[in-house]
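Trainee: Sharing a sequence plus its predicted fold:
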Amino acid sequence: MRRIIAEDFDWSLAIVPTLSDICLHCIVKNFEEQPIFEELTSTEKDFLQEKLSLSIPLSVTANLVSDGNYWKRCCEQRWDFCEVSNYGNSWKRMYFERHLVNIIELFIPAVTDPKAVLNIIPLCRNYVKKLNISQLLPPVLPPQQEEEDDSDLALKNKDDEPSIDHFDFSILLDKLTNLEELRLVYKVKQCGMNFEWNMFEMSDRDCESLAKALQSCKTLKILSIKSSYIDDKKCRLLMKYLLDHPSLKELDLSYNEIGDSGARGICNLLTRSKLEILNMCDNRISCSGAKAIAHMLSKEDSTLLSLNLRLNRVRDEGGQAIGEALLNNRTLLDLHLGANVMTEHTAFTLSKVLLHNKTLKTINLSCNKLGELGVQALKEAMSANKSLIECDISLTEEEEETASLINQVV
């Protein structure tokens with residue numbers, strides 16, 4: 001007699017698999033040689049997403065298998081931390097962006113074959129929107145001779161020095177037709193005892209090739225090149241090729257060596273672009289460069305919404321110029337002038353701004369010697385201002401109680 005256990009939910013009369021199940025398993029087994037995906041129903045596609053081998057070459061799956069659980073499995077197998085919300089909730093986009101970044105970060109000029117990059121472009125170009133590159137490796141330099149003759153040293157010049165050029169972006173950016181955000185740092189992580197200063201700077205050739213590549217990337221909206229030892233010359237070259245860029249909205253050149261000449265180059269870009277966010281934190285901009293930026297802010301066609309000049313040396317002359325420009329500016333929302341060697345003279349000018357400007361939302365004047373009179377002037381001005389929502393005057397040699405009172409007014 002046959003015995004049936006009713007509590008066994010796994011028990012089934014379907015001992016023989018259906019023909020459709022056999023076909024699906026056959027497709028999974030032979031997917032690399034005979035890929036079939038688009039012809040399947042949504043349920044069958046979900047089955048393949050769960051069962052396909054992760055070792056199938058990207059050349060087969062990249063433009064065939066849609067975004068879904070297969071790419072989630074690929075990501076989780078390769079990386080411990082996978083925050084898909086940072087990639088528009090697309091597992092496929094996450095995989096290809098991080099895969100391409102990994103290739104670029106490990107690319108060694110004159111050692112790595114450029115085909116390693118070129119071969120992946122047709123597979124990832126439709127899915128890459130953002131590249132966040134945290135290192136760029138220099139070429140392998142030949143060992144230096146321990147003993148050199150003095151006459152040989154005298155004949156050496158800069159042209160004789162070995163090249164320290166990094167990855168050439170001109171082979172890549174014009175082909176990424178959906179790229180919107182590019183973040184670069186010219187440095188080497190975990191270099192240890194092999195440390196050299198030139199590992200942490202952009203070379204002249206790097207700058208020129210990157211500038212031309214950026215010009216060809218018409219979809220780019222956000223550009224960040226931090227901590228790469230960009231000086232005035234390199235900054236002006238970059239700005240030259242970014243003029244009239246159709247989509248650039250945000251530029252971050254913080255933690256570099258840009259001075260007044262470079263700031264004037266950026267002003268040229270402001271006149272011939274629709275830039276909305278400019279971050280020049282921790283550079284070498286003084287009052288002259290600040291005046292040039294102020295002149296651009298005073299123009300009616302200014303599109304800038306956020307300006308960060310923290311950790312520069314604009315002093316009172318530059319700070320007052322920016323303040324006077326804001327008397328007529330109707331676009332800027334956020335201004336950061338922290339740690340710029342400014343005093344109460346700038347505070348007096350900015351207090352006048354707060355009485356007339358109805359657009360500014362946040363202002364940061366921290367780490368400046370504003371003085372008691374300067375802080376008092378700001379406090380009185382903010383009492384009459386109805387648009388400002390944040391005013392930071394911390395570390396300005398004033399009592400915390402005074403700063404607290406200003407925050408209460410805001």
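Mentor: That came through, no problem.

Trainee: what pLDDT, on average, does the host helix or strand of residue 262 get?
Mentor: Using DSSP states H and E, the element containing residue 262 is helix 260-271. Helix 260-271 shows a mean pLDDT of 97 in the predicted model.

Trainee: packing partners for the helix or strand that that helix is followed by?
Mentor: Scanning forward in sequence from helix 260-271 by DSSP H and E, the next helix or strand is strand 277-279. Strand 277-279 makes packing contacts with strand 250-252, strand 306-308 when contacts are defined by 3 or more Cβ pairs under 8 Å, 6 or more residues apart in numbering; DSSP states H and E. Bear in mind the C-beta positions are built from the backbone N, C-alpha and C, glycine included.

Trainee: Name the residues that touch stretch 86-100?
Mentor: Identification of contacts with stretch 86-100 by Cβ atoms under 8 Å, 6 or more residues apart in numbering yields 58, 62, 66-69, 71-72, 74-75, 78-79, 82, 84, 117, 120, 123-124, 127-131.

Trainee: Show only the entries of these found in strands.
Mentor: The strands, defined by DSSP state E, take in 130-131 from those.

Trainee: which of the contacts of stretch 86-100 are buried?
Mentor: Neighbour counting with 16 or more other Cβ atoms under 10 Å marks 58, 62, 67-69, 71-72, 74-75, 82, 117, 120, 123-124, 127-131 as buried within the contacts of stretch 86-100.

Trainee: how near is residue 182 to residue 108?
Mentor: Using Cβ to Cβ, to the nearest Å, residue 182 is found at 21 Å from residue 108.

Trainee: So if I had to pick from those two, which one is more boxed in?
Mentor: Using other Cβ atoms under 10 Å as the criterion, residue 182 and residue 108 rank with residue 182 on top: 22 against 12.

Trainee: The more buried one belongs to a strand, doesn't it?
Mentor: Yes. Checked against DSSP: H, G, I helix; E, B strand; the rest coil, residue 182 lies within a strand.

Trainee: which stretches of the stretch 101-250 of the chain form helices?
Mentor: Along the stretch 101-250 of the chain, the stretches classed as helices by DSSP state H, counting those that start in this stretch are 115-118, 121-124, 150-155, 204-216, 232-242.

Trainee: Residue 360: which of the ones you listed is closest?
Mentor: Among the helices of the stretch 101-250 of the chain, helix 232-242 comes nearest to residue 360, with 26.1 Å by Cβ to Cβ.

Trainee: Could you pull out the buried residues of that closest one?
Mentor: Neighbour counts over helix 232-242 (16+ other Cβ under 10 Å) mark 232, 234-239, 241-242 as buried.

Trainee: circling back to that earlier point, which residues does the helix holding residue 262 contact?
Mentor: Here helix 260-271 makes contact (Cβ under 8 Å, 6+ apart) with 230-232, 235-236, 238-240, 242-243, 251, 253, 258, 275, 278, 280, 283-286, 288-290, 292-293, 295-296, 299, 302, 304.

Trainee: between that helix and helix 232-242, how big is the angle?
Mentor: Here helix 260-271 runs at an angle of 10 degrees relative to helix 232-242 (axes from the mean of the first three to the mean of the last three Cα atoms, to 10 degrees).

Trainee: got the CA positions of helix 260-271 in CSV?
Mentor: Only the C-alpha atoms of helix 260-271 are listed here, as CSV (Å, rounded to 0.1, in the frame of the first residue of the first chain):
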residue,chain,number,x,y,z
ASP,A,260,45.4,83.5,-9.6
SER,A,261,46.4,82.8,-13.2
GLY,A,262,44.5,79.5,-13.1
ALA,A,263,41.5,81.3,-11.4
ARG,A,264,41.3,83.7,-14.3
GLY,A,265,41.3,80.7,-16.7
ILE,A,266,38.4,79.3,-14.7
CYS,A,267,36.6,82.6,-15.1
ASN,A,268,36.9,82.3,-18.9
LEU,A,269,35.1,78.9,-18.5
LEU,A,270,32.4,80.6,-16.4
THR,A,271,31.7,83.0,-19.3
